[in-house]
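1. what's the 3D shape of this:
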Amino acid sequence: MNDMLRQDHPLVLATVLKALNDPTRLRIIRELINDEVGAERHCASFSGLSEVARATRSHHFKVLREAGLVSLVDRGNLLLARLRRDEIEKAYPGLLSILIRD
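-> I've put the predicted structure just below:
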């Protein structure tokens, strides 16, 4: 069963930009952009995050979720992240393309 951890947050530009201002979070978003549409990834499967403390990983995903960029799904003992691609494109057309080019 797909249980969302919390309601999806709205996409507020200032919050989105603040979340993307961190290199680790930007790398997470870039990897999600490159994934198949609708793909869900284990939060420890991103480049450079496997050796990061669990609390630090959790913080980064909390910031991304609160910015409205990702949804987190609880699958038992796995926490999966999914890019809110459609919502982002609707609110800020072209943003994902810009992020992947840089």
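2. verify the contact between residue 28 and residue 81 for me.
-> Yes - with contacts defined as C-beta atoms under 8 Å, residue 28 counts as touching residue 81 at a distance of 7.4 Å. Bear in mind the C-beta positions are built from the backbone N, C-alpha and C, glycine included.
3. which of these two has more neighbours?
-> Neighbours around residue 28 and residue 81, counted as other C-beta atoms under 10 Å, are more numerous at residue 28. The numbers are 28 against 25.
4. so what's the more buried one closest to, chain neighbours aside?
-> With sequence-adjacent residues excluded and distances taken as C-beta to C-beta, 6 or more residues apart in numbering, residue 28 is closest to residue 46, at 5.2 Å.
5. quick check, the one you found in a strand?
-> No - counting by DSSP: H, G, I helix; E, B strand; the rest coil, residue 46 is located in no strand; its state is coil.
6. next up, the contacts around it.
-> Counting by C-beta atoms under 8 Å, 6 or more residues apart in numbering, residue 46 makes contact with 27, 28, 31.
7. what's the separation between the residue nearest the centre of the chain and residue 99?
-> Centrality entry for the chain: nearest residue to the mean C-alpha point is residue 70, 3.7 Å, by C-alpha atoms, centre = their mean. Taking C-beta to C-beta, to the nearest Å as the measure, residue 70 falls 13 Å from residue 99.
8. now residue 11
-> Distance, residue 11 to residue 99, by C-beta to C-beta: 14 Å.
9. got it, and residue 13?
-> Taking C-beta to C-beta as the measure, residue 13 and residue 99 are separated by 14 Å.
10. tell me which of these two has more neighbours.
-> Each of residue 13 and residue 99 has its neighbours counted (other C-beta under 10 Å); residue 99 has more, 14 against 11.
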